[in-house]
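**Q** for reference, the sequence and a predicted model appear below.
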Amino acid sequence: MTTSIALSTRPDGVPDGTAAADLLAVDLDGLRAHVATATAGDVDRALARPRRDLADFAALLSDTAGERLEDMAAGARDTTLRRFGRTMHLFAPLYLSNECVSVCTYCGFSAGNDIARRTLTPDEVAAEGRALAAAGFRHVLLVAGEHARIVSKAYLRDCVGALAPIVPQVSLEVQVWDATTYRGLVDAGADGLVVYQETYDRSTYAAVHRLGKKRNYDWRLAAPDRGAEAGMRRLGIGALFGLHDDWRSEALAVAAHARALLRRWWRVEVTVSLPRLRPCAGAPTPAGTLDDRHFVQLLCALRLLLPDVGLVLSTREESAFRDAVIPLGVTHLSAGSHTEPGGYTGPSDAEPQFSVADERTPAEVAAVLRTAGYDPVWKDWQRS
Ligand code: SF4
């Protein structure tokens, strides 16, 4: 992209010239209708085409395509091997703080929850980073709740600055900011930005984000654009499956968003994550509307639509399921994750964001990958 976009103030809606605006222009209603009416012929065509569009993707999400899951899996496996080889990028989340002033129905850090709260100092962040580096990690994702005073811009810059000399790849999954703040974080050493829209359905979004800045749907939707404008090299997006009752609708939106980002920010690496709801403080029994079979269908369909996009699988998933779907398109795995601040350097009494399902150590996950014929990759590039 060569044109500079004014993204540093909060607009009404999303700014023109952004992937967010491109996404809002997509006929998602028409695509949803195509999912419902796709024929066997539509699925055959979608499977056969060398380059697929969103209509093909819609066909691959249909019940009709669900009967062709083995063909989809074979195509997804072949595509992934051709584009990525037998490699798996490993990373770990590092939780900075579970302080939050927002109220979200699906998150253990929600302001209404009576939980043990903790915010790491930059020195403690460095210690956690050293523990992760000793376990092999060279890519760390910094995560924090939304608290503009405790988890301030200056605090985040200090944490990134403390970590950057220890691990070469530092990504951020924190409250969304303006482009100027993202520039400061890039200057401090961050190179990746993860912003899950959580749900692309506006009424569900309003229902689950009850209080706080996160209620602003459009400001969040354009955050990846602001990050790219600020110089982030990697953008991660995703929907939290289980919030909205139509997983296919979420899948269409997240796929359309990824395509829009790839077109607008073609120098940037885009990844898509497929988290499913997990138990957490305040929400011990999540509904969960995406079962394993449909999850596999979605994973394969995404790989067939987006052959070069990284697909991320977290420790929200059980170990056996993670091992089974690795060949079908996954390129990025978190491993040995702690979702409470301070969890890598010792027992921490701080509340986790959600309960982890795959509790294996990074070494155990790496050993499973090697046995399956994959090379664990701990980093993709080195800052110069
Ligand atoms: S999802 Fe984010 S903003 Fe919402 S309660 Fe959790 S940490 Fe806070």
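**A** In hand now; what should we look at?
**Q** quick check: which element contains Leu243?
**A** Assigned by DSSP states H and E, Leu243 belongs to no helix or strand.
**Q** and it, what does it touch?
**A** By Cβ atoms under 8 Å, 6 or more residues apart in numbering, the contact set of Leu243 is Tyr106, Glu198, Thr199, Thr204, Val208, Leu277. Heads up, the C-betas are built off the backbone N, CA and C, glycines and all.
**Q** recalculate using a threshold of 10 Å.
**A** 104-106, 198-201, 204-205, 207-209, 250, 276-277, 286-287, 289 (Cβ atoms under 10 Å, 6 or more residues apart in numbering).
**Q** who's in contact with the residue of the chain positioned farthest from its centre?
**A** Centroid-distance maximum for the chain: Gly41 at 32.8 Å, with Cα atoms, centre = their mean. For Gly41, the contact set (Cβ under 10 Å, 6+ apart) comprises Ala59, Thr64.
**Q** which bits of the stretch 51-200 of the chain sit near the ligand?
**A** Taking Cβ under 6 Å from any ligand atom as the contact definition, the stretch 51-200 of the chain meets the ligand at Cys100, Ser102, Cys104, Cys107, Phe109, Ser110, Gly145, Glu146.
**Q** ChimeraX command to pick out the buried ones of those?
**A** Selection command for ChimeraX covering only the buried members of these, criterion 16 or more other Cβ atoms under 10 Å:
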select :100,102,104,107,109,110,145,146
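**Q** which one of the residues of the stretch 51-200 of the chain next to the ligand sits closest to Thr180?
**A** Nearest to Thr180 among those: Glu146, at 18.3 Å, using Cβ to Cβ.
**Q** wait, a helix at that closest one?
**A** No: applying DSSP: H, G, I helix; E, B strand; the rest coil, one finds Glu146 to be coil, outside a helix.
**Q** who's in contact with the closest residue to it other than its chain neighbours?
**A** Nearest-residue entry for Glu146: Gln175, 4.0 Å, with adjacent residues in sequence omitted and distances by Cβ to Cβ, 6 or more residues apart in numbering. Taking Cβ under 10 Å, 6+ apart as the criterion, Gln175 is in contact with 100-102, 144-148, 151, 153, 156, 181, 195, 212-214, 220, 223.
**Q** buried only: go through those for me.
**A** Among the contacts of Gln175, those buried by neighbour count (16+ other Cβ under 10 Å) are 100-102, 144-147, 151, 153, 156, 181, 195, 212, 214, 220, 223.
**Q** among those residues, name the ones in helices.
**A** Secondary structure defined by DSSP state H assigns Lys153, Leu156, Thr181, Arg220, Ala223 of these to helices.
**Q** quick one: whichever residue of the stretch 251-384 of the chain sits closest to the ligand from Val143, how far?
**A** Using Cβ to the nearest ligand atom, the closest approach of the stretch 251-384 of the chain to the ligand is made by Gln353 at 6.7 Å. Using Cβ to Cβ, to the nearest Å, Gln353 is found at 7 Å from Val143.
**Q** just the CA trace of stretch 43-57, in PDB.
**A** Taking C-alpha atoms only, stretch 43-57 is exported to PDB below (Å, rounded to 0.1, in the frame of the first residue of the first chain):
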ATOM      1  CA  VAL A  43     -19.300 -28.300  -4.300                       C
ATOM      2  CA  ASP A  44     -17.700 -30.200  -7.100                       C
ATOM      3  CA  ARG A  45     -16.700 -26.900  -8.800                       C
ATOM      4  CA  ALA A  46     -15.400 -25.400  -5.600                       C
ATOM      5  CA  LEU A  47     -13.200 -28.500  -5.000                       C
ATOM      6  CA  ALA A  48     -11.900 -28.500  -8.600                       C
ATOM      7  CA  ARG A  49     -11.000 -24.900  -9.000                       C
ATOM      8  CA  PRO A  50      -7.300 -23.900  -8.600                       C
ATOM      9  CA  ARG A  51      -8.200 -20.500  -7.200                       C
ATOM     10  CA  ARG A  52     -11.400 -20.100  -5.200                       C
ATOM     11  CA  ASP A  53     -13.600 -17.100  -4.300                       C
ATOM     12  CA  LEU A  54     -16.000 -16.500  -1.500                       C
ATOM     13  CA  ALA A  55     -18.900 -18.200  -3.400                       C
ATOM     14  CA  ASP A  56     -16.700 -21.400  -3.500                       C
ATOM     15  CA  PHE A  57     -16.000 -21.000   0.200                       C
END
